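**Student:** Based on what follows, work out the 3D shape:
(2 chains)
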2 protein chains.
Amino acid sequence: MTEKSAVNIAVVGATGAVGEKIIKILEDKDFPVDTLKLLSSKRSSGKELTFKNQTIVVEEAKPESFEGIDIALFSAGGSVSKQLAPEAVKRGAVVVDNTSAFRMTEDVPLVVPEVNKEDIAKHKGIIANPNCSTIQMVVALKPLKDKFGLSRVIVSTYQAVSGAGASASTELEEQSKQFLNKQEMEANLLPVKGDKKHFPIAFNALPQIDVFQENGYTFEEMKMINETKKIMHAPELSVAATCVRLPFFTSHAESVYIEVEKNGVTVEDLWNELDAAGGIILQDDPSTQVYPTPLSAAGKEEVFVGRVRKDLDNEKGFHLWIVSDNLLKGAAWNTVQIAGELIQNKWL
Amino acid sequence: MTEKSAVNIAVVGATGAVGEKIIKILEDKDFPVDTLKLLSSKRSSGKELTFKNQTIVVEEAKPESFEGIDIALFSAGGSVSKQLAPEAVKRGAVVVDNTSAFRMTEDVPLVVPEVNKEDIAKHKGIIANPNCSTIQMVVALKPLKDKFGLSRVIVSTYQAVSGAGASASTELEEQSKQFLNKQEMEANLLPVKGDKKHFPIAFNALPQIDVFQENGYTFEEMKMINETKKIMHAPELSVAATCVRLPFFTSHAESVYIEVEKNGVTVEDLWNELDAAGGIILQDDPSTQVYPTPLSAAGKEEVFVGRVRKDLDNEKGFHLWIVSDNLLKGAAWNTVQIAGELIQNKWL
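**Tutor:** Below is the predicted model of the structure:
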């Protein structure tokens, strides 16, 4: 595309939980938008959304929708991305895709700007936005890896229902009311929309996010494992994940064990690196009960880190508690950040 | 005491969440009770409780309450145990104490019958019941340690509010209603009753259970670390814990990473040992979405294990998901089991 200060943006999946957040961020950040096209499935088309006091009618996403678009932000599910992202690229748009469709494709950069911004430059039309639970973890791990080296990561997640879409939040709300009214809880969606069995999430914990793979891990767990290595350019890094869905609406939390490579590293050393890094807010003071929680992180862009402790048996081991809004840094905000870098660095 | 088939039992903390479960188990299991004395604080004394169609008036616990008692089951907080357990022992009772008061005292056995039943024999009047989150973990680890050796444990917990007492369950219920009615949530108790700050637990996660120690770990985390080593007679075992309170009422869940000592161990090998072990129910079939959850384990005595996976980077590493009712196996049932062993093995 030719250089210009404002660009034509398309948001695919504009009526979804992440799409709505993207539109709000584009407005709040005064993103240099020339025209904004809002796209969705046929079912949601015709809806009216507001952007900077303008009413925009949502249109059905079709190949020709992308004519004249500079950046297309996709967040409408993997099958939509697989079908339409190449069509958008064919028409000259650069796609930032917030689904798992292209994340592990070799020549598609998988980007968290705080970690591997420079990979954006290598794009061939599509840049993938990582999985929400991966993004917040690598933001916190990156400065530690740079300073102390990193050999091992073991994470157990505490994930909000909104990661499974707006309807999962409705399900949690409905089930909570049913339980409190001593009615039977109706489970129709979680743990995974398309899977065979559904279990109540209200006042419960479900150790399944996304479908099971042949190796006994869920797809969510494999995303965390594979995407972390790709984003950090660390194929040799040992990463293990257990992903659990919990009854809260917003923000994922993660209990993360790491092993650094350097000797003699202290908690203070970790604090210093985390505190100085971009996109991270350190909230860690046991003496005054300061630590992040899903509620305290909700609505905020940053990744919050607390409960930093040295392992009591392993000199190179540390524990961290990492929390971030799964719809913002975990999705919409990271997507808009990538779009911003595309413009700012003239990488379109 | 002289041998006899039925014994005189005192329950201290009879009106509490665990006390009530103990009384119910004594009745349901047809425990050989001669007389049952129900004791509490002065405030709760005078209440009437039912045991085997008998009405029993709860009395204030005093040193002389233990005259003629064979087994005293304490579950009224650490300060009550510290004050009255020695008085009970002085009067000839054997105390099974469900608080942290004596757990790490050197000559007090800390017992989970499936793991170290034989330690009961060494008691000098007091036997300690471990912390709820520790109990369910060591039940699952014991058969694996016996068969494959065990060098390392890293656990992240998902703990129910009832572990903080019946009032914490009330708080979760009230806050949930407040949130769903779009009112501000009132936090007066959690994360820790006596601590300075309180945060909402409804639709949230709190990475603090019990008070913080000087080393940055919470007391709950240190309990898991120290008690696991003591119960398993494994001072050299590397144990790390991160403990998190979550918005459900019953059952603790645990994401546990272990490293075994033997080479070539498979998931099937772990399944076989877990399946054959007493007190464990294996619920692990990804292909049909079979795994335990807090709701599915609530009200049951056993420890449930699922999501058994081999680590993808470490040949000796495995991941497990361990769930059990924190008020039953985690407290009341383990206490009654110890009392049963005292009688059956003539260890009184």
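
**Student:** so where is chain A shaky, pLDDT-wise?
**Tutor:** Within chain A, the stretches with pLDDT under 70 are A:1-4.

**Student:** Which helix or strand lies directly C-terminal to the longest helix along it?
**Tutor:** Ranked by residue count, the top helix of chain A under DSSP state H comes out as helix A:132-148. Going down the chain from helix A:132-148, the next helix or strand is strand A:150-158, by DSSP states H and E.

**Student:** Please report how far the residue in the stretch 1-150 of chain A positioned nearest to chain B lies from residue B:290.
**Tutor:** The nearest approach of the stretch 1-150 of chain A to chain B comes at residue A:150, 13.0 Å away (Cβ to the nearest Cβ). For every residue, glycine as well, the C-beta is placed using N, CA and C. Per Cβ to Cβ, to the nearest Å, residue A:150 is found 35 Å from residue B:290.

**Student:** who has more neighbours, those two?
**Tutor:** Legend: neighbour count by other Cβ atoms under 10 Å in any protein chain shown for residue A:150 and residue B:290, higher for residue A:150 (22 against 14).

**Student:** Tell me what the more buried one is bridged to.
**Tutor:** With DSSP bridges applied, residue A:150 shows beta-bridge pairing to residue A:260.

**Student:** wait, what's in contact with it?
**Tutor:** Counting by Cβ atoms under 8 Å, 6 or more residues apart in numbering or on different chains, residue A:150 touches A:141, A:144, A:232, A:234, A:237, A:258-261.

**Student:** Name the nearest of those relative to residue A:190.
**Tutor:** Of all these, residue A:141 has the smallest distance to residue A:190: 28.3 Å, by Cβ to Cβ.

**Student:** pretty sure the closest one contacts residue A:153?
**Tutor:** Yes: using Cβ atoms under 8 Å, residue A:141 is in contact with residue A:153, at 6.8 Å.

**Student:** mind checking how far the residue of the stretch 1-150 of chain A closest to chain B is from residue A:143?
**Tutor:** Computed as Cβ to Cβ, the residue A:150 to residue A:143 distance reads 10 Å.

**Student:** which neighbours do residue A:141 and residue A:153 share?
**Tutor:** Here residue A:141 and residue A:153 have A:228, A:256, A:258 as joint contacts, going by Cβ under 8 Å, 6+ apart.

**Student:** Backbone torsions only: list them for residue A:70.
**Tutor:** phi -90, psi -50 (degrees, to the nearest 10).

**Student:** Surely it is in contact with residue A:8?
**Tutor:** Yes: if you go by Cβ under 8 Å, residue A:70 and residue A:8 touch, sitting 4.9 Å apart.

**Student:** picking that back up, filter the shared contacts of residue A:141 and residue A:153 down to the ones in helices?
**Tutor:** Among the shared contacts of residue A:141 and residue A:153, the residues falling in helices (DSSP H) are residue A:228.

**Student:** Stretch A:52-59: end-to-end distance?
**Tutor:** This stretch, stretch A:52-59, spans 18 Å end to end (Cα to Cα, to the nearest Å).

**Student:** Please apply the same query to stretch A:22-40.
**Tutor:** End-to-end for stretch A:22-40, by Cα to Cα: 14 Å.

**Student:** Please enumerate residues in contact with it?
**Tutor:** Contacting residues not belonging to stretch A:22-40 are listed as A:4-16, A:19, A:47, A:49, A:51-52, A:56-61, A:65, A:68-69, A:73, A:75-76, A:328, A:332-333, A:335-336, A:339-340, A:343 [Cβ under 8 Å, 6+ apart].

**Student:** Among these, name the buried ones.
**Tutor:** Neighbour counting by 16 or more other Cβ atoms under 10 Å in any protein chain shown classes A:7-16, A:19, A:49, A:51, A:56, A:58-59, A:61, A:65, A:69, A:73, A:75-76, A:328, A:332-333, A:335-336, A:339-340, A:343 among the contacts of stretch A:22-40 as buried.

**Student:** still on that earlier bit, can you redo the contacts of residue A:150 as CSV with neighbour count?
**Tutor:** Shown next, in CSV, are the contacts of residue A:150 (neighbours: other Cβ atoms under 10 Å in any protein chain shown):
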residue, neighbour count
A:141, 24
A:144, 22
A:232, 22
A:234, 17
A:237, 18
A:258, 24
A:259, 18
A:260, 21
A:261, 12
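
**Student:** I'd like to know how far residue A:248 sits from residue A:219.
**Tutor:** According to Cβ to Cβ, residue A:248 stands 22 Å off from residue A:219.

**Student:** These two: which is more packed in?
**Tutor:** Higher neighbour count among residue A:248 and residue A:219: residue A:248, with 27 against 17, using other Cβ under 10 Å.

**Student:** how many neighbours does the residue lying closest to residue A:64 once chain neighbours are set aside have?
**Tutor:** What sits nearest to residue A:64 in space, not counting adjacent residues and going by Cβ to Cβ, 6 or more residues apart in numbering or on different chains, is residue A:91, at 7.8 Å. For residue A:91, the neighbour count with other Cβ under 10 Å is 15.
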